[in-house]
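Participant: Build the 3D model from these lines:
(one chain, ligands or ions: 1)
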Amino acid sequence: MPQPLSLAGDRATRLATIRAAFPQLDGPDCSFVGGRTAAMARLAKIDPVAYDKSRNFLDGAVTRLSPYLRHGCITLGEARMHALAGWSPQRAWKFIFELAWRDFWRRVWKSLGPAIRKDVEKPKVTLGHAPLPDDIRRGETGLPCMDATVRSLVDEGYVHNHARMWFAAYCVHFRKLSWRACADWFVGHLIDGDLASNHLSWQWVASTFGSKPYIFNKENVAKYSANRWCATCTADCPFDASYPALSKRLFGTETP
Ligand SMILES: Cc1cc2nc3c(=O)[nH]c(=O)nc-3n(C[C@H](O)[C@H](O)[C@H](O)COP(=O)(O)OP(=O)(O)OC[C@H]3O[C@@H](n4cnc5c(N)ncnc54)[C@H](O)[C@@H]3O)c2cc1C
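Facilitator: Numbers count the residues shown, from 1 in each chain. You can find the predicted model right below:
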């Protein structure tokens with residue numbers, strides 16, 4: 001049972017206590033510096049036009065603003081206004097569109113409350129309910145693309161959106177794990193961990209908050225990761241198939 005931190009009154013002592021308890025905050029793997037100043041510096045660097053063209057690629061021009069938005073270092077409104085101050089609505093739209101997703105998930109949470117931790121809708125395919133196995137927790141599935149996601153999650157507390165989608169689909173549809181068990185574990189490791197964006201995204205992948213399940217194939221991973229794993233992967237790849245073939249294997253029908 002983890003012991004609660006006992007925090008002193010003054011800021012310097014509090015920070016020292018927190019740093020000692022969470023050494024990974026100062027480790028080489030954490031690229032996030034906390035606070036308003038760091039948030040504003042990151043906001044100043046965003047490029048909505050490059051974002052629009054490349055956000056689905058793992059090395060694309062994503063903003064890494066989510067931890068700052070999550071912890072209130074900047075607001076969604078500030079991020080939106082910053083984009084509109086520098087770019088026309090036509091050029092800034094994709095970035096603002098994505099901010100709107102965050103806003104939408106939070107409104108759904110406000111409306112449904114703790115119910116977002118259960119199926120919001122009936123699943124559109126048969127889902128599994130298996131608990132989270134150790135090979136997933138430890139990043140030892142034998143699939144380099146999935147194991148790298150777990151390392152990024154656990155070591156850095158940040159995962160690119162596309163990799164989050166692949167990983168969630170792998171857990172829920174390929175491994176038939178309980179989306180809820182996965183979502184509870186996943187959110188606990190994210191620096192931007194947010195019940196609304198996280199649990200509702202897992203539900204979107206699962207099809208309990210969306211019209212169909214989200215799945216992906218090897219071609220998609222190879223393309224958007226610039227072949228970072230597939231070129232040298234020797235695993236028996238469960239993703240190496242067309243979408244109809246995968247769908248048939250996973251759900252018994254070519255179009256779920
Ligand atoms: C399974 C899964 C779990 C997720 N868990 C979280 C979570 O716990 N906390 C969290 O903040 N986001 C979560 N997301 C949404 C999204 O992956 C992250 O917000 C995004 O990857 C954060 O990185 P970024 O700031 O570089 O994003 P960018 O791509 O640069 O996007 C800019 C901002 O737009 C918002 N945004 C972008 N994509 C999404 C999205 N799909 N849904 C909601 N907002 C979005 C975020 O606020 C983000 O900071 C999850 C997505 C999936 C598929």
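
Participant: For this structure, list the residues in contact with the ligand, please.
Facilitator: Within reach of the ligand by CB under 6 Å from any ligand atom, the chain has these residues: 55, 62-66, 69-70, 98-99, 101-102, 105, 160-161, 164-165, 168, 187, 190, 192-194, 197-198, 201-202. For every residue, glycine as well, the C-beta is placed using N, CA and C.

Participant: Which members of these are classed as buried?
Facilitator: 55, 62-63, 65-66, 69, 98-99, 102, 105, 160-161, 164-165, 168, 187, 190, 192-194, 197-198, 201-202 (16 or more other CB atoms under 10 Å).

Participant: where's the residue lying closest to L84 once chain neighbours are set aside relative to S66, distance?
Facilitator: Closest residue to L84 apart from its sequence neighbours, by CB to CB, 6 or more residues apart in numbering: A92 at 5.8 Å. The span separating A92 from S66 equals 18 Å under the rule CB to CB, to the nearest Å.

Participant: just checking, W179 touches A206?
Facilitator: Yes - the criterion here is CB atoms under 8 Å, and W179 meets it with A206 at 4.2 Å.

Participant: Helices of this protein, residue ranges please.
Facilitator: 11-21, 36-44, 48-54, 66-70, 76-86, 89-112, 134-138, 144-151, 161-169, 179-189, 195-206, 218-224, 243-251 (DSSP state H).

Participant: Including distance to C233, could the ones you listed go into TSV?
Facilitator: Supplementary listing: the helices of the chain in TSV, determined by distance: least, CB to CB, whole Å:
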stretch	distance to C233
helix 11-21	37
helix 36-44	33
helix 48-54	23
helix 66-70	29
helix 76-86	37
helix 89-112	30
helix 134-138	17
helix 144-151	5
helix 161-169	14
helix 179-189	23
helix 195-206	23
helix 218-224	9
helix 243-251	17
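
Participant: And those helices: which comes nearest T232?
Facilitator: helix 144-151 (7.9 Å; CB to CB).

Participant: residues in contact with the closest one?
Facilitator: 136-141, 159, 163-164, 166-167, 170, 221, 225, 229-230, 232-233, 235 (CB atoms under 8 Å, 6 or more residues apart in numbering).

Participant: mind redoing it with 7 Å?
Facilitator: 136, 139-141, 159, 163, 166-167, 170, 221, 225, 229, 233, 235 (CB atoms under 7 Å, 6 or more residues apart in numbering).

Participant: Just the buried residues from those, in PyMOL please.
Facilitator: The buried residues among the contacts of helix 144-151 can be selected in PyMOL (16+ other CB under 10 Å) with this line:
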select buried, resi 136+139+141+159+163+166+167+170+221+225+229+233+235
